[in-house]
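**Student:** sequence? don't have it. structure:
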């Protein structure tokens with residue numbers, strides 16, 4: 001599965017994190033990788049100066065490292081999450097994923 005780097009894709013990823021009970025914040029800071037994960041608080045902080053593509057790539061990079069309770073995801077979101085998990089994270093990958 002691949003996708004386009006669009007605001008719609010970013011919104012869909014943000015909804016996935018919301019259903020997984022994570023809060024995404026876009027702020028400035030000294031991030032070595034462009035993001036920070038606060039596991040105890042279930043907060044993901046991403047560099048606010050990232051472009052849409054950078055934000056999507058950061059969220060995709062973080063996804064395998066967080067704990068997602070699949071039973072809490074809606075049917076459509078669970079299907080999409082499983083597709084994301086099955087694909088290796090390749091930031092250069094660009095095709096269609098708009099749902």
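**Tutor:** Good, I have the coordinates. Because the structure is predicted, anything quoted here is derived from the model rather than measured.
**Student:** Okay, strands next: where are they in the chain?
**Tutor:** 23-27, 35-38, 43-47 (DSSP state E).
**Student:** Tabulate those (TSV), appending mean pLDDT and mean neighbour count.
**Tutor:** Using the backbone N, CA and C atoms, a C-beta is placed for each residue, glycine as well. Below are those laid out as TSV (pLDDT from 0 to 100; neighbours: other C-beta atoms under 10 Å):
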stretch	mean pLDDT	mean neighbour count
strand 23-27	95	13
strand 35-38	86	16
strand 43-47	94	19
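**Student:** Just send the ones you listed back as CSV, with distance to residue 13 too.
**Tutor:** Output for the strands of the chain, formatted as CSV (distance: least, C-beta to C-beta, whole Å):
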stretch, distance to residue 13
strand 23-27, 9
strand 35-38, 13
strand 43-47, 11
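**Student:** quick one, which of those is nearest to residue 53?
**Tutor:** Among those, the nearest to residue 53 by C-beta to C-beta is strand 43-47 (12.3 Å).
**Student:** just the helices in the chain please.
**Tutor:** 7-19, 52-62, 75-86 (DSSP state H).
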